[in-house]
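Undergrad: attaching a predicted model along with its sequence, questions to come.
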Protein chains: 2
Amino acid sequence: MALRVGVIGGGQLARMMIAPAVELGLDIRVLAEDEGMSAQLAATAVGDYRDLDTVRRFAADVDVITFDHEHVPQEVLRALVADGVAVHPGPDALQFAQDKLDMRARLAELGAPQPDWARVADVAELQAFLDAHGGRGVVKTPRGGYDGKGVRVVAGAEEAADWFAALGAGDALLVEELVPFVRELAQQVARRPGGESVSYPVVETVQKDGVCAEVIAPAPGVDAAHLEEAARIGRAIAEGLDVTGMLAVEMFQTEDGRILVNELAMRPHNSGHWSQDGAVTGQFEQHLRAVADLPLGDTSPHAEWSVMINILGGPADAGMLDRVPAALAASPNAKVHTYGKAPRPGRKVGHVNASGTDLEAVLAEARAAAAAFA
Amino acid sequence: MALRVGVIGGGQLARMMIAPAVELGLDIRVLAEDEGMSAQLAATAVGDYRDLDTVRRFAADVDVITFDHEHVPQEVLRALVADGVAVHPGPDALQFAQDKLDMRARLAELGAPQPDWARVADVAELQAFLDAHGGRGVVKTPRGGYDGKGVRVVAGAEEAADWFAALGAGDALLVEELVPFVRELAQQVARRPGGESVSYPVVETVQKDGVCAEVIAPAPGVDAAHLEEAARIGRAIAEGLDVTGMLAVEMFQTEDGRILVNELAMRPHNSGHWSQDGAVTGQFEQHLRAVADLPLGDTSPHAEWSVMINILGGPADAGMLDRVPAALAASPNAKVHTYGKAPRPGRKVGHVNASGTDLEAVLAEARAAAAAFA
């Protein structure tokens, strides 16, 4: 009988789990937020992931629960675990992906390198931190941010006054030093419940307006010491936080050569999409193998270089699917991935992967295909 | 709006079209023969592909019709075309995959190299052919054979007497010379309605008991002249027969160095499964691109060598899915593909692909994974 994997959330990450699930013979079922979402093909239920009864009904028919996103409330997750449901990653791990203050505190306990940071409850506390860090800093809401939302670079504490005013009693904001980085990196690790783990080569991510735009795998010019350091940090966090499934560690490479942890994601992540077509085992297959407690796959790249470029939505009335033929024509080597989402300006609606031996040529191929959607 | 591709037949070939259809943003719909078939996830209809009303209803909601098999009757295909439905491959092409006598006659017109053959209507005609070819030959029923069924090696015409007795009025059998071959090859070609085509590297296929067991891509030790000759034959047949979608040409390499055409398949074929994981564009994606008239993809291999090994069903009560973990553990490099079919002895229930730089190592990895299912 097929192992039944239940995915909470019907977005593109769930959608991209469908292909490897079919091949591996896993029975994938999705609890989608709405009809017609990205993962519609495998959606067996539609409902609110914050509602325990809805999630419990969905979980009753699967062997393991995993996620398209990290937003399922802790009380729902813990009720499932109390019911005896296998949940991967589990609530103890997900807590650190859900709350950035908890993450910073836990990473400090683990000794993971990270920017200076503080928990600040009011304008005065924030200003004190800024004064000690050259007058500037990055203020973050601990919960609910993504793709640059909930993140603000400030040059004075008053610039976050509205966020403080909106805080509940006992809540606080996170402030971090503004790290002088030369580039951003990301490390993917997959870990099984029993502890077996595998690492992907560290990649360079290029952000535009706070959103991941391009990924190059492996990170160009990264030396052996940084490769090993990134992998070591990834493994230490996966183990220290007891992450199961895919973990993405977003990192800064600083001007003085350090690697500092920026953000964590406990699921397949945009910075790992290259591996779908560029590695022996793509991150979506690997995530399924990890959460279903199956032996993990080889993470070796197929080619010297792989590039991923996101496709962002254009004008709301443009049909991105109409442009797929032009993208395929622009580069026979490009792999186009669509998300089945209505385009809205700036919304991620797909991505393009390309691989080869010459980085400049691979970048040109991927960009030519992506340009068809611009 | 997504292009809607309707696949007639719900077997593993339709199943393996699902993954690339999702990524490309094609709306794939399957007319399955029964509930619970391999392509169940995309099955939007269940019914008899020989029934025109059933097929017509299915075709009314799609933009192009293609196939999991070649068994849809000519009268059904021609009625669809008369209705204005895009059918790829079309009935004129499929006729030559459906009737081996028609195929032999047409290949002769095209000048494609093939074994000596004859249309034989009775035992005496067959014996005359055998007498002229060393006393032995291969007798085939023109229609309905697959995986060694409908094929019989005979040393005397009486051995086919039962088949002659079962022939309808005006029907005949096909007899071919027994070719002294050193190995079997297969050539994959994809062709769009407008005529654009791409070729894959010729592969070696190893048959056991008339069923494809292993495929090595590219065919080991094949010289440049044979590579080009195989590709030339493939292109000539694709063009000459106006094939749209994937074409597989199964061929003999003879002791005296000739290449002779054995069989044709106008769909993704077992001999092309390696390309799913071993080439930039797998044959299932390529077939969809070709039949949907999208630009074709790069057919370059990822690695020096790729190997495909079929998984055949064991005892009827053995659950092949229970063995997937052992297969994944046996080789982290192996890609396991399951067909969602109940195992029966000898039935193809899945396959394993592996790729790498050392053919012996790749064979060992693929065989280790496949052995977990034995």
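TA: Thanks, I have it. Numbering: from 1, shown residues only, chains lettered A, B, ... in the order given.

Undergrad: residue in the stretch 251-374 of chain A nearest to chain B?
TA: Each residue of the stretch 251-374 of chain A has a distance to chain B, by C-beta to the nearest C-beta, and the smallest belongs to residue A:338, at 3.3 Å. Quick note: C-beta positions are derived from backbone N, CA and C, even for glycine.

Undergrad: just say helix, strand or coil for residue A:306.
TA: When the structure is reduced to helix, strand and coil (DSSP: H, G, I helix; E, B strand; the rest coil), residue A:306 reads as strand.

Undergrad: show me what contacts the closest residue to it other than its chain neighbours?
TA: Distances taken as C-beta to C-beta, 6 or more residues apart in numbering or on different chains put residue A:278 closest to residue A:306, at 3.1 Å, once the chain neighbours are dropped. Under the criterion of C-beta atoms under 8 Å, 6 or more residues apart in numbering or on different chains, the contact partners of residue A:278 comprise A:217, A:301-303, A:306, A:353, A:355.

Undergrad: and the lowest-mean-pLDDT helix or strand in chain A, what does it pack onto?
TA: Each helix and strand of chain A was given a mean pLDDT (mean pLDDT, DSSP states H and E); the minimum falls on strand A:211-217 at a mean of 91. Judged by 3 or more C-beta pairs under 8 Å, 6 or more residues apart in numbering or on different chains; DSSP states H and E, the packing partners of strand A:211-217 are strand A:203-208, strand A:305-312, helix A:359-371.

Undergrad: pLDDT on the next helix or strand after it, on average?
TA: Elements were assigned by DSSP states H and E; along the chain past strand A:211-217, the next helix or strand is helix A:224-240. Summarised as a single mean, pLDDT over helix A:224-240 is 96.

Undergrad: quick one: helix A:224-240 to strand A:203-208, angle?
TA: Between helix A:224-240 and strand A:203-208, the angle formed by their directions is 90 degrees, by axes from the mean of the first three to the mean of the last three C-alpha atoms, to 10 degrees.

Undergrad: the closest residue to the residue of the stretch 251-374 of chain A closest to chain B other than its chain neighbours: what's it in contact with?
TA: Distances taken as C-beta to C-beta, 6+ apart put residue B:25 closest to residue A:338, at 3.3 Å, once the chain neighbours are dropped. Shown in contact with residue B:25 (C-beta under 8 Å, 6+ apart): A:320-321, A:324, A:336, A:338, A:340, A:350, B:2-3.

Undergrad: can you put these in JSON lines and add distance to residue A:112 and secondary structure?
TA: Written out in JSON lines, the entries for the contacts of residue B:25 read as follows (distance: C-beta to C-beta, whole Å; DSSP: H, G, I helix; E, B strand; the rest coil):
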{"residue": "A:320", "distance to residue A:112": "39", "secondary structure": "helix"}
{"residue": "A:321", "distance to residue A:112": "42", "secondary structure": "helix"}
{"residue": "A:324", "distance to residue A:112": "41", "secondary structure": "helix"}
{"residue": "A:336", "distance to residue A:112": "36", "secondary structure": "strand"}
{"residue": "A:338", "distance to residue A:112": "36", "secondary structure": "strand"}
{"residue": "A:340", "distance to residue A:112": "37", "secondary structure": "coil"}
{"residue": "A:350", "distance to residue A:112": "33", "secondary structure": "strand"}
{"residue": "B:2", "distance to residue A:112": "44", "secondary structure": "coil"}
{"residue": "B:3", "distance to residue A:112": "47", "secondary structure": "coil"}
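
Undergrad: from these, which two are the most distant?
TA: Looking at the contacts of residue B:25 by C-beta to C-beta, the two members farthest from one another are A:350 and B:3, with 15.1 Å of separation.

Undergrad: next, count neighbours for residue A:202.
TA: Using other C-beta atoms under 10 Å in any protein chain shown, the number of residues around residue A:202 comes to 26.

Undergrad: does it touch residue A:230 like I think?
TA: Yes - under the criterion of C-beta atoms under 8 Å, residue A:202 is in contact with residue A:230, at a separation of 3.9 Å.

Undergrad: what pLDDT does residue A:138 get?
TA: Listed pLDDT for residue A:138 reads 96.

Undergrad: any idea what it is bridged to?
TA: Beta-bridge partners of residue A:138, counted by DSSP bridges, are residue A:153, residue A:176.

Undergrad: quick one: residue A:131 and chain B, what's the gap?
TA: Summarising the geometry, the distance separating residue A:131 from chain B, computed by C-beta to the nearest C-beta, to the nearest Å, is 51 Å.

Undergrad: phi, psi of the residue nearest to residue A:306?
TA: With angles defined as degrees, to the nearest 10, residue A:278 shows backbone torsions of phi -110, psi -10.

Undergrad: ok, now residue A:119?
TA: As for residue A:119, its main-chain torsions (degrees, to the nearest 10) stand at phi -90, psi 120.

Undergrad: so for it, what's the pLDDT?
TA: Spelled out, the predicted local distance difference test score at residue A:119 is 98.

Undergrad: look up how far residue A:335 lies from the nearest residue to it once chain neighbours are set aside.
TA: Once its chain neighbours are removed from consideration, residue A:119 has its nearest residue in residue A:172; the separation is 4.8 Å (C-beta to C-beta, 6+ apart). Going from residue A:172 to residue A:335 by C-beta to C-beta, to the nearest Å gives 44 Å.

Undergrad: show me which of those two is the more surrounded one.
TA: Applying other C-beta under 10 Å to residue A:172 and residue A:335 shows that residue A:335 carries more neighbours, namely 28 against 18.

Undergrad: who's in contact with that one?
TA: With contacts taken as C-beta under 8 Å, 6+ apart, residue A:335 has the following neighbours: A:276-277, A:352-354, B:23, B:280.
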